[in-house]
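Asker: Kindly generate the corresponding structure for this input.
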Amino acid sequence: MARQRFSGMMETLGRRMQMCSGRVGIFVPIIILSIALVGCMMQLSAAANAHVGRKLGLMRATLIFLTVGALLVPPLAYVIEGGLNITALAEVPLYLFIPGVLNAFMIMVVVHTIDLIGVTFMGAATFTGQMVMSLLLDHIGFLGLREIPISAMRVLAVAILLVGMGRLSIVDLLQSSRRPGTRASFAHHSAEPKAGFPGVRWDGILVALLMGTAMNVVAGLNSALGQEVGVMTATWLFLTPGAVLLFLYSLIRKKLPRGGVRWMHLVPGALNVIGVASMVFFVAIAGLRVSIGTQVGAGVIAALFIDKYGLWGLSRREISPHRIQGVMVILLGGILSAMTG
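Answerer: I've put the predicted structure just below:
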């Protein structure tokens, strides 16, 4: 019954979106605003998870993050898809399970890197890395996905993104190089945020770019898995293996989260699942280009303010003119990428 109500709502909204095309309708701005809020929520989730990582440690924070998601997805899957499609897993190629196994490591890298460079740089750099990798993956039709040949406009869009990243980071990088204590290696970074101007780490930005390229490969694998077993089942498989592996490792090392875990530490994992499920919902209504472009744009803008006010104990980074200019150029590259996708 719940699944039928959800399907009926999707069809109704889809028809209303079509009715509103070509003219200003009330549902178009509401849906665009909703997608933008999802993008902001995903940035808040990343910042909050970085805070939990400083409080409990990277592995404990990641274990809680993944476990909350793994427990929330099944009831959402029942509402959206009628339940998890466990029986179909036996026929799925083993390589499609790789993202779920690597997810815990990727989350720990993201949490650590946010402390190095802030939420704005993390969002902008990973998005830029995703777009660079997408040139190749789309061109070859990675794992049977739709082939989109490399064109001059797509190369221009990626070049604009790289220019935006340069404008966003070059001033901070130069200022960081002139300040003592900002040249330490990525591996020896202290978890405690510094007061005042925190600097920007070139190695952190490089890691974020590489994470963006890795995320695009993971997204392709998850998309292929979703075509085999359903979106929510693929989401559950993306979260659960890492949670199980971290639980077993923490159990052996006797580092399971115990005292000190508060209900606020569960929020990032819940926000992540809500964000993923919301995007599944909105992509079906507004389309992939509009959904991803709006989510990323709103998320990067929200990240500017998260950094400015140092939410959840993050280092404060002022909204300087070069940051605004860099973000605007990145948004332009993102819009152009969506138009040429």
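
Asker: any low-confidence regions in the stretch 51-200 of the chain?
Answerer: 143-146, 171-200 (pLDDT under 70).

Asker: hey, where'd the helices end up in it?
Answerer: Here the stretch 51-200 of the chain has its helices, by DSSP state H, counting those that start in this stretch, at 58-81, 98-140, 152-177.

Asker: helices and strands around the last one, which ones?
Answerer: The elements that helix 152-177 packs onto, with contact taken as 3 or more C-beta pairs under 8 Å, 6 or more residues apart in numbering; DSSP states H and E, are helix 98-140, helix 202-229, helix 321-339. In this view, the C-beta of every residue, glycine as well, is placed from N, C-alpha and C.

Asker: Please repeat the previous calculation with a cut-off of 6 Å.
Answerer: helix 98-140, helix 321-339 (3 or more C-beta pairs under 6 Å, 6 or more residues apart in numbering; DSSP states H and E).

Asker: Identify the residue nearest the geometric centre of this protein.
Answerer: residue 42 (6.7 Å; C-alpha atoms, centre = their mean).

Asker: So what's the residue count around the closest residue to residue 109 other than its chain neighbours?
Answerer: Nearest non-adjacent residue to residue 109, counting by C-beta to C-beta, 6 or more residues apart in numbering: residue 211, 6.0 Å away. Residue 211: 20 surrounding residues under other C-beta atoms under 10 Å.

Asker: which one of the helices and strands packed on helix 152-177 lies closest to residue 157?
Answerer: With distances scored as C-beta to C-beta, the stretch of the helices and strands packed on helix 152-177 nearest to residue 157 is helix 321-339 (4.0 Å).

Asker: and the closest one, which residues are buried?
Answerer: Neighbour-count burial for helix 321-339 flags 323, 326, 327, 329, 330, 331, 333, 334, 335, 336, 337, 338 (criterion: 16 or more other C-beta atoms under 10 Å).

Asker: repeat for stretch 61-81
Answerer: By neighbour count on 16+ other C-beta under 10 Å, the buried set for stretch 61-81 is 61-73, 76-77, 80-81.

Asker: Likewise for stretch 217-229?
Answerer: For stretch 217-229, the neighbour count (16+ other C-beta under 10 Å) marks 217, 218, 219, 220, 221, 222, 223, 224, 225, 226, 229 as buried.

Asker: would you turn these into a markdown table with distance to residue 85 and pLDDT?
Answerer: Formatted as a markdown table, the buried residues of stretch 217-229 follow (distance: C-beta to C-beta, whole Å; pLDDT from 0 to 100):
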| residue | distance to residue 85 | pLDDT |
| --- | --- | --- |
| 217 | 23 | 80 |
| 218 | 20 | 80 |
| 219 | 20 | 74 |
| 220 | 20 | 74 |
| 221 | 17 | 81 |
| 222 | 14 | 79 |
| 223 | 15 | 73 |
| 224 | 15 | 78 |
| 225 | 11 | 83 |
| 226 | 10 | 80 |
| 229 | 5 | 87 |
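
Asker: So of those residues, which two are at opposite extremes in space?
Answerer: Of all pairs in the buried residues of stretch 217-229, the most separated under C-beta to C-beta is 217 and 229 at 18.9 Å.

Asker: so where does residue 39 fall, helix or strand?
Answerer: In the assignment (DSSP states H and E), residue 39 maps to helix 27-56.

Asker: Can you check what angle separates that helix from helix 58-81?
Answerer: Angle, helix 27-56 to helix 58-81, by axes from the mean of the first three to the mean of the last three C-alpha atoms, to 10 degrees: 150 degrees.

Asker: and helix 27-56, what does it pack onto?
Answerer: helix 2-20, helix 58-81, helix 98-140, helix 267-286, helix 288-309.

Asker: Just the buried positions in it, please.
Answerer: Buried, per 16+ other C-beta under 10 Å, within helix 27-56: 28, 31-32, 35-56.
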